[in-house]
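> Turn this into a model:
(one chain, ligands or ions: 1)
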Amino acid sequence: MRLMAERDNGRYQCFLLEEGEIDAAITVITLDREDFEDLSPERQQEVWDIAENTLRSDTYELFALVDTQEDRLVGKAMIEYMDENMPEITALHVVPDQRGKKLINIPYEGCLLSLREQGYREAMVRISPGNTASLKAADRNGFESFTPDTGVDPDLCDHRFFKRAVSPVALRANMKPDTSTDGLDHAAI
Ligand SMILES: CC(C)(COP(=O)(O)OP(=O)(O)OC[C@H]1O[C@@H](n2cnc3c(N)ncnc32)[C@H](O)[C@@H]1OP(=O)(O)O)[C@@H](O)C(=O)NCCC(=O)NCCS
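You can find the predicted model right below:
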């Protein structure tokens, strides 16, 4: 696991999971689903395969948000490298009892750091128009609405698309005046 971002003097830490960390990957992937232990053996195998493929594949990166004080997984995120120019930050999740504390900024920061290190210039997220919490969080993290060049009429698809620049200069330019405490500054260093 590689530490990518942190907040509150290291209490909350965002880790990038690395190859071989299969148990951690299963825990992260199933965070917002049923308990792994409650699944049938067949379904457990499926989840195990998903976790292994996710860690091995160049198409995905998996991030865990941990509350180190409580020794507890409290969120997750992924990057999907489907579009070679504009990777997608996806699978964003914070556990229900920790929402509203802007913890999602930490996985956002971790993902943006990884993308910046790899030389990407832009990142996107897709959000359902009714998901107010996620829309607000994306806006706060510098994402702006755009129409992807997919040939699909945006009015006919279920999601809205948002993108932001990843480069350090644009990172600072995109900062909202009231968001300086959320750790994005660290990604720009
Ligand atoms: C979207 C999500 C990741 C945001 O995480 P978060 O750390 O709670 O984000 P924030 O603290 O920035 O809160 C975002 C908004 O949620 C709302 N919110 C505030 N407290 C909340 C609470 N206790 N419970 C739910 N939503 C709350 C507010 O509208 C807040 O915006 P504001 O602070 O600007 O008013 C989280 O709500 C979540 O996991 N949702 C379910 C999965 C999901 O929708 N993922 C995104 C898919 S695109």
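> What is the neighbour count of the closest residue to the ligand within the chain?
Taking Cβ to the nearest ligand atom, the ligand has its nearest neighbour within the chain at residue 100, 2.2 Å off. C-betas here are computed from N, CA, C, even on glycine. Counted with other Cβ atoms under 10 Å, the neighbours of residue 100 add up to 10.
> next structured bit after the lengthiest helix in the chain?
Assignment by DSSP state H gives helix 41-56 as the longest helix of the chain. Later in the chain than helix 41-56, the nearest helix or strand by DSSP states H and E is strand 60-67.
> ok, that next one: who's next to it in the sheet?
Here strand 60-67 is paired, per DSSP bridges, with strand 12-16 (antiparallel), strand 72-80 (antiparallel).
> can I assume residue 25 is in contact with residue 55?
Yes: between residue 25 and residue 55 there is a contact at 5.4 Å, judged by Cβ atoms under 8 Å.
> between the two, what contacts are shared?
Listed as contacting both residue 25 and residue 55 by Cβ atoms under 8 Å, 6 or more residues apart in numbering are 17, 62.
> Can you say which of the strands paired with strand 60-67 is packed in most?
Stretch with highest mean neighbour count among the strands paired with strand 60-67: strand 12-16 (a mean of 23; mean count of other Cβ atoms under 10 Å).
> Would you mind listing where this protein has pLDDT under the threshold?
150-156, 168-189 (pLDDT under 70).
> Would you mind listing what in it touches the ligand?
92-94, 99-104, 127, 131-134, 136-137 (Cβ under 6 Å from any ligand atom).
> Keep only those of those residues that are in helices.
Per DSSP H, the subset of the residues of the chain next to the ligand in helices is 132, 133, 134, 136, 137.
> Got a PyMOL select line for the buried ones in the residues you listed?
Only the buried entries of those go into this PyMOL selection, using 16 or more other Cβ atoms under 10 Å:
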select buried, resi 134+137
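> coming back round to it: more neighbours: residue 25 and residue 55, which one.
Higher neighbour count among residue 25 and residue 55: residue 25, with 23 against 18, using other Cβ under 10 Å.
> so who does the more buried one touch?
Taking Cβ under 8 Å, 6+ apart as the test, what residue 25 contacts is 17, 51, 52, 54, 55, 62.
> Apply 6 Å and report the result again.
For residue 25, the contact set (Cβ atoms under 6 Å, 6 or more residues apart in numbering) comprises 17, 51, 55, 62.
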